[in-house]
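Engineer: Sequence first, then the predicted structure, then my questions.
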Amino acid sequence: MLQWAEKVVVPKGSEIVSDVTEETVAGIDDALYLLFRGRVLDVDGSTVYPGAFFNTDCLYMPPGAGDEIAAVAVEDSVLLRLSHKQREEMLFHEPHVAHQLLLAVLKQREMRHPSRRH
């Protein structure tokens with residue numbers, strides 16, 4: 001994922017999602033984010049810690065089909081941003097890497113579901 005993603009540094013208190021206008025459709029950010037360092041408050045009020053993905057709805061919705069959402073950096077943060085275009089290129093050139101990424105994101109979403117915790 002590192003070779004496909006764009007590194008983004010976000011200062012504390014800054015909005016993360018939906019601020020990259022050249023890669024949004026009608027203000028909807030289609031990027032998948034992986035928090036590398038720092039802490040982020042997601043739109044649902046949950047805290048995202050390093051190693052976690054957020055804005056994962058973009059994986060199963062066409063670009064521009066979601067809601068405008070905003071995540072805010074609780075502290076200075078470093079993110080890896082993977083846009084829809086970058087994911088398509090990854091899928092074409094390295095489908096096994098794209099498959100592993102999808103499995104990792106889905107596993108993380110599954111583990112966040114309260115009924116799946118033991």
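Structural biologist: Perfect, I can see it now. The structure displayed is predicted, hence computed values, not measured ones.
Engineer: List the buried residues in the longest helix seen in the chain.
Structural biologist: Longest helix in the chain, counting residues (DSSP state H): helix 95-112. Across helix 95-112, burial judged by 16 or more other C-beta atoms under 10 Å covers 98, 101, 105. C-beta here means a position set from N, CA and C on the backbone, and glycine is covered the same way.
Engineer: could you list every residue that touches the first one?
Structural biologist: To tie it back to what came earlier, the one meant is A98. Residues counted as contacts of A98 (C-beta atoms under 8 Å, 6 or more residues apart in numbering) are 87, 90-91.
Engineer: Give me the buried subset of those.
Structural biologist: Judged by 16+ other C-beta under 10 Å, buried ones among the contacts of A98: 87, 90.
Engineer: can you tell me which of the contacts of A98 lies nearest to E110?
Structural biologist: R87 (19.9 Å; C-beta to C-beta).
Engineer: Please name every helix or strand in contact with whichever strand or helix holds that closest one.
Structural biologist: According to DSSP states H and E, R87 maps onto helix 84-93. Helix 84-93 is packed against helix 95-112, with contacts defined by 3 or more C-beta pairs under 8 Å, 6 or more residues apart in numbering; DSSP states H and E.
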